[in-house]
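Peer 1: quick one, what's the 3D model for this:
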Amino acid sequence: MMDLDPVLMSRLLTTITLVFHIIFATLGVGVPLMISIAEFIGIKKKDPHYTMLARRWARGFVIPVAIGVVTGTAIGLQLSLLWPEFMQVGGNVIALPLFMEVFAFFFEAIFLGIYMYTWDRFKKPMTHWWLSLPIVIGGAMSAFFITTVNAFMNTPEGFEIGGNGFAAINPLEAMFNPATPTKVFHVLASAYLTVAAILAAIAAFGLLRKKTKEYHKKALKLTVTLTFIFAIFTAIAGDVSAKFLAEYQPEKLAAGEWHFETEGNADLILFGWLNEENEPEGVIRLPGLLSFLAYSDFNAEVTGLEEFPEAERPPLWIHYMFDLMVTIGVFLLGISFLYLLLSKLKRWNENNKFMLWMLVLSGPLAMLAIEFGWIYAEEGRQPWILRGYMTVEEAATTSPYVGWMFVLFLLLYIALGVIGAVVLRKVFKNNPVEDELEKKYPTIEKGDK
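Peer 2: Numbering: from 1, shown residues only. As a prediction, this is how the structure comes out:
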């Protein structure tokens, strides 16, 4: 491993870091909103079950936040160590959003500490709920600022080319580049969707174990409702993103859809594989739908991959990432809709075993969709690290020690993952919700727990 190409090792190390970090980044964005909604409903309905949901979600939220600090720091460190040429050229441009992302994190962390230590300390419960809003805002701000960096790498603006790199830098123009609105919308919607699906999976699993039925039923109804709402928003974000790609990154859209020739009334290709001549086989073709997704016109002309130099074409396997992401998104939308529909039909039991197992499955699938989506986004920009200005190969370090860094960081992530899982298990297993409800709210009927 130590003799491998530094560019390859740099890409692998960055990949495992992002794949690991995005789990905790997603939780950091989505969980605060779920906590705030649950506490608000608990206060308005005077229902201790929802208040307990907020308490326990907040308690568990502290662990991924702590791990996210470590992985986020690793990303900042690796930018300088693995991609020095990129930082030399673009470091001054992305310095502002990187700083603001750190500020947003500390803003979120400070109010999280205040929120955690002020339960039951106010006469009016709404006073405590107001403290949840800065945490929600801080998580969203953190996602916004770091996403603007990625957006800049896709559609770089806000500078002029000087003798030693970028000059006449306008950091605000760089932050609010053409990719920023669609990427931020997609990141926030998918983060909220994913966290809602994960919490729904936990509640469904609790019902399957036949524990604290009323508590888990309410948790499931709330989280599935939120899953459905944010699945719709994510679908809208996907549609907006397709139109952005058609205008600004047509090569990514063409590679992801295996659209090789420029033509009108272009078909949307789903699934399938490529034969030895790179021709799609076993695919599902939806006539004219790619043109509609790209331009809201079934007869619009969509640029084919043939229009771009071969060296600047993204890898064709990103098609599979797109298919997996979209398939999971449709599944989440469908299963949440079905659950809510059954809950309205009195003769059907929405909490049957099949439905509960499908909801349990939706949690890990939602996180996988996040991973597939980011792989599609990052690989779809290849071979560029800064589209149109610098390739990944030009930006990478030439150090022969990247292999050792890969091993050390991999061990760190394994250790963090194991420690996080063990701590979370102990936090909740040693303090079951039944006991906590009985201790905190002794007036609740035992059958309602």
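
Peer 1: which residues of the stretch 151-300 of the chain fall in helices?
Peer 2: Along the stretch 151-300 of the chain, the segments classed as helices by DSSP state H, counting those that start in this stretch run 171-175, 180-208, 213-248, 250-256, 289-295.

Peer 1: again but with the stretch 1-150 of the chain, I slipped
Peer 2: In chain order, the stretch 1-150 of the chain shows helices spanning 6-45, 48-82, 84-116, 125-130, 132-154, with DSSP H, counting those that start in this stretch as the criterion.

Peer 1: and the last one, which residues are buried?
Peer 2: To tie it back to what came earlier, the one meant is helix 132-154. The neighbour-count criterion (16 or more other C-beta atoms under 10 Å) identifies 132, 134-154 as the buried residues of helix 132-154. Any C-beta I mention is one placed from the backbone N, CA and C, and that applies to glycine too.

Peer 1: circling back: JSON lines for the helices of the stretch 151-300 of the chain, including mean neighbour count, mean pLDDT and distance to residue 86?
Peer 2: Shown next, in JSON lines, are the helices of the stretch 151-300 of the chain (neighbours: other C-beta atoms under 10 Å; pLDDT from 0 to 100; distance: least, C-beta to C-beta, whole Å):
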{"stretch": "helix 171-175", "mean neighbour count": "18", "mean pLDDT": "84", "distance to residue 86": "14"}
{"stretch": "helix 180-208", "mean neighbour count": "24", "mean pLDDT": "91", "distance to residue 86": "19"}
{"stretch": "helix 213-248", "mean neighbour count": "20", "mean pLDDT": "89", "distance to residue 86": "20"}
{"stretch": "helix 250-256", "mean neighbour count": "24", "mean pLDDT": "88", "distance to residue 86": "19"}
{"stretch": "helix 289-295", "mean neighbour count": "21", "mean pLDDT": "86", "distance to residue 86": "30"}
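
Peer 1: ok, which of those comes nearest residue 113?
Peer 2: Minimum separation from residue 113 across those (C-beta to C-beta) falls at helix 180-208, 20.7 Å.

Peer 1: tell me which strands and helices that closest one is in contact with?
Peer 2: Contacts defined by 3 or more C-beta pairs under 8 Å, 6 or more residues apart in numbering; DSSP states H and E place helix 180-208 against helix 6-45, helix 132-154, helix 213-248, helix 318-344, helix 353-379.

Peer 1: and if we set it to 10 Å?
Peer 2: Here helix 180-208 touches helix 6-45, helix 48-82, helix 132-154, helix 213-248, helix 318-344, helix 353-379, going by 3 or more C-beta pairs under 10 Å, 6 or more residues apart in numbering; DSSP states H and E.

Peer 1: now the angle from the shortest one to helix 84-116?
Peer 2: By that I understand helix 132-154. Between the axes of helix 132-154 and helix 84-116, defined by axes from the mean of the first three to the mean of the last three C-alpha atoms, to 10 degrees, the angle is 170 degrees.

Peer 1: alright, calling it a day.
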